[in-house]
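[1] Turn this into a structure:
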Amino acid sequence: MLPGSPRSVPALLRSLVDDDPTAPRLTFYGGDHARTGERVELSARVLSTWVAKTANLLEEEFEVGPGSLVALDLPTHWKTLVLQLAVWSTGAAVRLGADRPADVLVSADAGVLAGAASRHASLERVAVALAPLATSFGAPLPDGVLDYARVVTGYGDTHAPVRAPGPDDPALETAQGRTLTHPELLDGAAAAGAGWPARVRLLTDAGPGDVVAGPLAAWARTGSLVLTPDLATLSASVVASERTTATLPRP
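    Residues are numbered from 1 along each chain as shown. Below you'll find the model as predicted:
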């Protein structure tokens, strides 16, 4: 690990809350913002609470922890980041996509969830609604699929992992086929953000696979994030209003 950098995702979240619990840390603009006006902003404390509730759900419902693999079939979205942080808070690993076996599959597509069950009978499945203010998935779900929006608010606001990951436990399977351990996840974030100013306000449309070089790197600089699925959808006036200090386009 680099000197002074948080040694785990829970430590990173605590550092943001300790620095300023009310400061915005994640601002999300929906891809159709110009029409819908969708803007979601999470402070350090609210982000930490969402992550804690989600991590508790994963542990209590599916016994997720070090050695577990959670597949995320989700687009660029604030809930995707919450789920990634929650998986790492349990000590488990994230795999992106739904094409290979995992212990738990999380998707916003009911068809993907249904098809995955036919291939992997023991797979646990979670449906995530991406619509603003959604309190349920809305559409009918296959049998055995947990509705994230319906249940997540019932879990605890604080989280302590049942078992912390070891130094060699996997954290992220990258699109390039490389597996990062939990220490490498935070070390990579600290290195990626080293050239940015402290408290950077990062504007990005980077996808879930770019979480280390984007969101985690910004938070490692005690910064914040303006996230959107497509930078071209944000007007110049919206960008100016967010007072961003660095930009990371999707690779």
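[2] Kindly provide the whole-number mean pLDDT of the longest helix along the chain.
    Scanning the chain for the longest helix, with DSSP state H as the assignment, gives helix 44-62. For helix 44-62, the mean per-residue pLDDT is 98.
[3] Give me the contacts around it.
    With contacts defined as CB atoms under 8 Å, 6 or more residues apart in numbering, helix 44-62 is touched by 13-14, 16-17, 19-23, 25-26, 42, 64-65, 68, 70, 82-83, 85-87, 89-90, 92, 103-104, 124, 146, 148, 151-153, 155-159, 161-162. Placement of C-beta: from N, CA and C, glycine included.
[4] Quick one, which of those residues are buried?
    13, 16-17, 25-26, 42, 64-65, 68, 70, 82-83, 85-87, 89-90, 92, 103-104, 124, 146, 148, 152, 155, 159, 161 (16 or more other CB atoms under 10 Å).
[5] Surely Ala11 is in a helix?
    Yes: checked against DSSP: H, G, I helix; E, B strand; the rest coil, Ala11 lies within a helix.
[6] start at 79 instead
    Okay, residue one is now 79; in that scheme the one you just asked about reads as Ala89.
[7] Now do the contacts for it.
    By CB under 8 Å, 6+ apart, Ala89 has no neighbours at all.
[8] And the pLDDT at it?
    95.
[9] Tell me the helix or strand right after the longest helix of the chain.
    strand 147-151 (DSSP states H and E).
[10] which neighbours does that next one have in its sheet, and in what orientation?
    When pairs are called by DSSP bridges, strand 147-151 turns out to pair with strand 171-174 (parallel), strand 182-185 (parallel).
[11] what ranges of this protein fall below the confidence cut-off?
    79-82 (pLDDT under 70).
[12] what about the strands in it?
    102-107, 117-121, 147-151, 171-174, 182-185, 202-205, 223-225, 248-251, 257-259, 279-282, 302-305, 324-326 (DSSP state E).
[13] got a list of contacts for the second one?
    If I follow you right, that is strand 117-121. By CB under 8 Å, 6+ apart, the surrounding residues in contact with strand 117-121 are 99-108, 111, 128, 156, 210.
[14] Dump the residues you listed to TSV, plus distance to Glu138.
    Below are the contacts of strand 117-121 laid out as TSV (distance: CB to CB, whole Å):
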residue	distance to Glu138
Pro99	25
Thr100	29
Ala101	30
Pro102	30
Arg103	26
Leu104	25
Thr105	30
Phe106	27
Tyr107	32
Gly108	30
His111	35
Trp128	16
Trp156	23
Pro210	27
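[15] Most widely separated two among these?
    Distance extremes for those: the farthest pair is Pro99 and His111 at 26.7 Å, using CB to CB.
[16] what residues are up against the spatially most central residue of the chain?
    Nearest to the geometric centre of the chain sits Leu159, at 1.6 Å (CA atoms, centre = their mean). In this structure, Leu159 makes contact with 104, 286, 289, 293, 305, judged by CB under 8 Å, 6+ apart.
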